[in-house]
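Engineer: Okay, here's the prediction I keep looking at, along with the sequence it came from:
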Amino acid sequence: MSEGSIAADGVIDTQTCRTVRVDLGERSYDIVIGDGLIAESGARIAALFPGSRVAIVIDETVAKHHLPAFEASLEAVGLEHETFTVKPGEGSKSFPVFQDLCDRLLAARFERGDVVAALGGGVIGDLAGFVAGVVRRGMPFVQVPTTLLAQVDSSVGGKTSINTRHGKNLIGIFNQPALVLADTKVLDTLTPRDFRAGYAEIAKYGLLDDPDFFAWLEENWSGIFEGGPARIKAVAHSCEAKARVVAMDEREDGVRALLNLGHTFGHALERGVGYDGALLVHGEGVAIGTVLAHRFSAEQGLCSEADAERVEQHLAKVGLPTHMSDIPGQLPGIPELMRYIAQDKKVSRGALTFILTRGIGRSFIEKDVDRDAVEGFLERSGDKA
Ligand code: GLY
């Protein structure tokens, strides 16, 4: 990771920036992280794709906050652009919106050498990345993530998709961006709840294999919420961790599954509330799921109760939900949650796979986890909750 002033063709950067390289051979790319980066995104895109036209994919909410600055940066370097707006929310990750976007890009005569810019959160990144991957058999695309969750997770690693009635993210492709521009200042426009939800994914990187980072987060989390150097450091460190994993296992044949710590329980809970973001957003599901994964590991004698307690205390301190009973409304019963868990993407030939842990920063992939043990644990967790 390089730090400080970066000079690239046409880019004069006076900010403190960090650059993380995702090392994937000819598909390698940079993630640039820094306060105020959106103002120089045009120059950075022009440095990679001089003279291209830029198709900006964005939702109505992000457009209100950040579109003028992004457009101004493109105009400053003479890049033509056109904006394609969709409605905010998971509903836009659908076949009809995907089809409509492809059609609109073609109608606007975007060519193979032009660029798709995904300006928004995970929904926009997933949708625009998929569109870019198939229009004219593939156009380059740039991720400009505007949520914390997208900056530390979904904009990095090339997973792109839409949802179907059978479940989330079931239709899509691996399609790496050509560049990721993470402006940490734009995160100031997030609601505290959405910021906290993204923080759950940052904590995950400490819990995976980096106990020193988790300890640093315990000391410095409030600085990340305030903004400035601690936020830049946390985003960069998270991207570096993700880049390392993606470089080892781009298509999730092995170690990349570790990034699903807390997600097996979390996804089941999200589905349990019918993906109603008013009740539970993804990062909140991950927070509860991460605590459950540690509690389950402790119950299995894999890690200490003290470590599970420490994880729960930290996530609770930043204001994240940590118990199933923190979710408003009625969850389905445990047998139904078990049915959702049995449909997890990591299930292999019917066997349940979970990311479990031997302690803080000592997570591992456990294949063939005993269903009855999980069901009994969830029953007891429900009682305790
Ligand atoms: N969000 C998990 C992954 O990108 O693999």
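Structural biologist: Everything's here; your move.

Engineer: Contact residues of the stretch 101-250 of the chain facing the ligand?
Structural biologist: Taking C-beta under 6 Å from any ligand atom as the criterion, the stretch 101-250 of the chain approaches the ligand at residues Asp153, Gly157, Lys159. Glycine gets a C-beta too; all of them are placed from N, C-alpha and C.

Engineer: any idea how far Arg380 is from Val286?
Structural biologist: Counting by C-beta to C-beta, to the nearest Å, the separation of Arg380 from Val286 is 21 Å.

Engineer: I should have written Lys346 there, sorry.
Structural biologist: Where Val286 is concerned, Lys346 sits at a distance of 15 Å (C-beta to C-beta).

Engineer: Which helix or strand lies directly C-terminal to the lowest-mean-pLDDT helix or strand in the chain?
Structural biologist: The helix or strand of the chain with the lowest confidence, counting by mean pLDDT, DSSP states H and E, is strand 11-12 at a mean of 38. Once the chain leaves strand 11-12, the next helix or strand it forms, by DSSP states H and E, is strand 17-22.

Engineer: quick one on the thing from earlier: Lys346 and Val286: which is more packed in?
Structural biologist: Counted by other C-beta atoms under 10 Å, Lys346 and Val286 do not tie: Val286 has more neighbours, with 31 against 18.

Engineer: Which of the helices or strands spans the more buried one?
Structural biologist: Secondary-structure element containing Val286, defined by DSSP H and E: helix 282-299.

Engineer: Could you pull up the contacting residues of the nearest residue to Tyr205 once chain neighbours are set aside?
Structural biologist: Distances taken as C-beta to C-beta, 6 or more residues apart in numbering put Ala241 closest to Tyr205, at 4.2 Å, once the chain neighbours are dropped. With contacts defined as C-beta atoms under 8 Å, 6 or more residues apart in numbering, the neighbours of Ala241 are Tyr205, Leu208, Asp209, Asp210, Phe213.

Engineer: What of Ala108?
Structural biologist: Applying C-beta under 8 Å, 6+ apart, one finds that Ala108 lies in contact with Ala55, Glu82.

Engineer: Tell me the spacing between it and Thr191.
Structural biologist: Applying C-beta to C-beta to Ala108 and Thr191 gives a distance of 33 Å.

Engineer: Just list the residues touching Arg349, thanks.
Structural biologist: Listed by C-beta under 8 Å, 6+ apart, Arg349 has no contact partners.

Engineer: That one and Ala373: what is the separation?
Structural biologist: In this view, Arg349 and Ala373 are 19 Å apart by C-beta to C-beta.

Engineer: Same question for Asp188.
Structural biologist: Counting by C-beta to C-beta - Asp188 and Ala373 are separated by 44 Å.

Engineer: all strands for the stretch 151-300 of the chain, in order.
Structural biologist: Applying DSSP state E, counting those that start in this stretch to the stretch 151-300 of the chain gives strands spanning 159-164, 167-174, 179-183.

Engineer: which helices and strands sit right next to the longest one?
Structural biologist: What it means is strand 167-174. Contacts defined by 3 or more C-beta pairs under 8 Å, 6 or more residues apart in numbering; DSSP states H and E place strand 167-174 against helix 122-134, strand 159-164.

Engineer: Give me whichever of these is most buried.
Structural biologist: Relative to the other members of these, helix 122-134 carries the highest mean neighbour count by mean count of other C-beta atoms under 10 Å, namely a mean of 25.

Engineer: before we move on, back to that, worst average pLDDT in the strands of the stretch 151-300 of the chain?
Structural biologist: If you rank these by mean pLDDT, strand 167-174 sits at the bottom with a mean of 91.

Engineer: Each with direction, which strands does that one pair with?
Structural biologist: Applying DSSP bridges to the sheet, strand 167-174 is found paired with strand 159-164 (antiparallel).

Engineer: For the stretch 101-250 of the chain, which residue gets nearest to the ligand?
Structural biologist: Nearest to the ligand, among the residues of the stretch 101-250 of the chain, is Gly157, at 4.3 Å (C-beta to the nearest ligand atom).

Engineer: What of the stretch 201-350 of the chain?
Structural biologist: Proximity to the ligand, evaluated over the stretch 201-350 of the chain using C-beta to the nearest ligand atom, is greatest for Leu259 at 4.0 Å.

Engineer: need the contact list for that residue.
Structural biologist: The neighbours of Leu259, taking C-beta under 8 Å, 6+ apart as the test, are Asp153, Lys204, Leu208, Lys242, Val245.
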